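*Asks:* sequence unavailable; structure follows:
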């Protein structure tokens, strides 16, 4: 163990790594309940998505453990699953098979970019304020989805949106109860607070008639078959597909890099220049997870910031990730439990994750209008247009236009100009 994971060198023990791996799993296992519901909105089988989620998370996390030796776990990303279901399939009218194709091709390209070290060019091509705005906008977007799925917010012809009725009980009231429970648990820094909140809320929903327990319910069962290699390459030559493809790639790369930097820094694993050890292997783990996830039938797999919970209790090596990966495999046989959970019980998780993503807003420079206005447009367009892709498009277009008209051409990287032209053509072709 010591030779494989360098335990002594990083000042840790097997026991500490086991606790860290368990803690990380508890903090991110909510994705096993949330992802089937999210992708179910795209018409995908909940059972198949659950199996794909658990398997893809296990594969990617184990690859991270043995190649990069980092205490970083991976799973289908929040925000990316919302983009997959609500923007690409529901909003744009594409099939979920085509969306999986975009994820698959994005993962292949991510592998190539990681191998040839081109990722730095792409990272530098997107202004820092826009990167932070994307995280904030996605946070608001998935919060809106949580509110809408639970009935807390409803379609209202008089005011576009409005509050749902809580007086009659049901899903909206259960979601509010769950939100209070989850926030209290999170504020008290209880490990696994989001997952505990989901489970407790689902249990409360049984007497309320929201959580439906079927006759002959069994806690353990064999997992459903994944939706293996369900691809559709018929529309990959269109500009609309490029927008979908680029959005998956864009969010995946920056989400991954940001998470790796944050987790490695917290664990004290970065060097004096802030560089991450074995970063190429870490990025490859993410890309391999994305390809595996697409083959199995789930949205983009990415590194999870919840890994910091494991680091906080002492995780310093890939051994913690091994434990997390093994637990995802074990969870395969608990699919009846996770699939029993109603949308009202997972809505609080979306809201809390939205809150966590919102924190990036403090790093945006709103004092400079040429930076702040594009960032603002990204943030508001994602929930108001109900599209992560449109938020990115309008933010990047406005950035180039404002910088150009204020003669700040040196602030616009070449790759950003290329994307500007491509997005302009999107409106005419």
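*Replies:* Yes, it's here. From a predicted model like this one, the values you see are computed outputs, not experimental measurements.
*Asks:* worst-scoring helix or strand of this protein, pLDDT-wise?
*Replies:* helix 119-125 (a mean of 61; mean pLDDT, DSSP states H and E).
*Asks:* quick one, helices of the stretch 51-200 of the chain?
*Replies:* For the stretch 51-200 of the chain, applying DSSP state H, counting those that start in this stretch gives helices covering 80-82, 96-115, 119-125, 128-150, 170-187, 193-204.
*Asks:* kindly apply the preceding question to the stretch 201-350 of the chain instead.
*Replies:* 239-266, 279-296, 307-312, 318-331, 335-340, 343-358.
*Asks:* quick one: the fourth one to helix 279-296, angle?
*Replies:* Orientation of helix 318-331 against helix 279-296 (axes from the mean of the first three to the mean of the last three Cα atoms, to 10 degrees) gives an angle of 10 degrees.
*Asks:* now the first one
*Replies:* Between the axes of helix 239-266 and helix 279-296, defined by the same axes, to 10 degrees, the angle is 130 degrees.
*Asks:* name the residues of helix 239-266 that are buried.
*Replies:* Neighbour counts over helix 239-266 (16 or more other Cβ atoms under 10 Å) mark 241-260, 262-264 as buried. Where C-beta positions appear, they are placed from N, C-alpha and C, glycine not excepted.
*Asks:* now swap in the second one and tell me
*Replies:* Under the neighbour-count criterion of 16+ other Cβ under 10 Å, helix 279-296 has 279, 281-296 buried.
*Asks:* state the mean pLDDT of stretch 280-291.
*Replies:* The average pLDDT within stretch 280-291 is 90.
*Asks:* quick one: it to chain centroid distance?
*Replies:* 15 Å (Cα atoms, centre = their mean, to the nearest Å).
*Asks:* with stretch 367-383 instead?
*Replies:* 21 Å.
*Asks:* need the contact partners of it.
*Replies:* For stretch 367-383, contacts defined as Cβ atoms under 8 Å, 6 or more residues apart in numbering pick out 127, 129-130, 132-134, 136-138, 140-141, 143-144, 361, 364-366, 387-388, 390-392, 394-396, 398-399, 402-403, 406, 408, 411.
*Asks:* isn't residue 292 up against residue 61?
*Replies:* No: the criterion here is Cβ atoms under 8 Å, and residue 292 misses it with residue 61 at 11.1 Å.
*Asks:* I'd like to know how far the closest residue to residue 146 other than its chain neighbours sits from residue 419.
*Replies:* Nearest-residue entry for residue 146: residue 350, 3.1 Å, with adjacent residues in sequence omitted and distances by Cβ to Cβ, 6 or more residues apart in numbering. Per Cβ to Cβ, to the nearest Å, residue 350 is found 29 Å from residue 419.
*Asks:* please identify which of these two sits among more neighbours.
*Replies:* A direct count of neighbours by other Cβ atoms under 10 Å for residue 350 and residue 419 places residue 350 higher, at 31 against 20.
*Asks:* now residue 380: how far from residue 427?
*Replies:* 20 Å.
*Asks:* oh sorry, the question was meant for residue 16
*Replies:* 54 Å.
*Asks:* which one's more surrounded, the two?
*Replies:* residue 16 (19 against 9).
*Asks:* below-threshold pLDDT in the chain: ranges please.
*Replies:* Low-confidence segments of the chain, defined by pLDDT under 70: 119-125, 157, 168, 254, 257-258, 261-262, 265-266, 270-276, 426, 428-429.
*Asks:* ok, and the closest non-adjacent residue to residue 425?
*Replies:* That would be residue 239: by Cβ to Cβ, 6+ apart, it lies 6.2 Å from residue 425.
*Asks:* ignore what I typed, I meant residue 343.
*Replies:* Nearest one to residue 343, counting by Cβ to Cβ, 6+ apart, is residue 149 at 4.4 Å.
*Asks:* in the helix or strand where residue 33 lies, what counts as buried?
*Replies:* Assessed by DSSP states H and E, residue 33 sits inside helix 31-40. Judged by neighbour count using 16+ other Cβ under 10 Å, the buried positions of helix 31-40 are 31-40.
*Asks:* who touches stretch 158-171?
*Replies:* 150-156, 172-173, 176, 208-210, 342-344.
*Asks:* what is the end-to-end distance of it?
*Replies:* Separation of the first and last residues of stretch 158-171 by Cα to Cα, to the nearest Å is 23 Å.
*Asks:* tell me the buried residues in it?
*Replies:* Applying 16+ other Cβ under 10 Å to stretch 158-171 flags 164, 170-171 as buried.
*Asks:* now swap in stretch 6-20 and tell me
*Replies:* 6-7, 10, 12, 16-20.
*Asks:* any idea how far that stretch is from the chain center?
*Replies:* 28 Å.
*Asks:* and residue 169, how far from residue 3?
*Replies:* 58 Å.
*Asks:* over to residue 130?
*Replies:* 44 Å.
*Asks:* again, but for residue 385
*Replies:* From residue 385 to residue 3 the distance is 53 Å (Cβ to Cβ).
*Asks:* looking at these two, which one has more neighbours?
*Replies:* Between residue 385 and residue 3, counted using other Cβ under 10 Å, the more crowded position is residue 385 (16 against 7).
*Asks:* the residue nearest to residue 425 contacts residue 422, doesn't it?
*Replies:* Yes: between residue 239 and residue 422 there is a contact at 7.3 Å, judged by Cβ under 8 Å.
*Asks:* am I right that residue 318 is in contact with residue 63?
*Replies:* No: Residue 318 lies out of contact with residue 63 (Cβ under 8 Å); the separation is 9.7 Å.
*Asks:* neighbour count winner among those two?
*Replies:* Shown here are residue 318 and residue 63; by other Cβ under 10 Å, residue 318 has more neighbours (28 against 23).
*Asks:* the closest residue to that one other than its chain neighbours: neighbour count?
*Replies:* Of all residues not flanking residue 318 in the chain, residue 65 sits nearest, at 3.5 Å (Cβ to Cβ, 6+ apart). Using other Cβ under 10 Å, residue 65 has 27 other residues around it.
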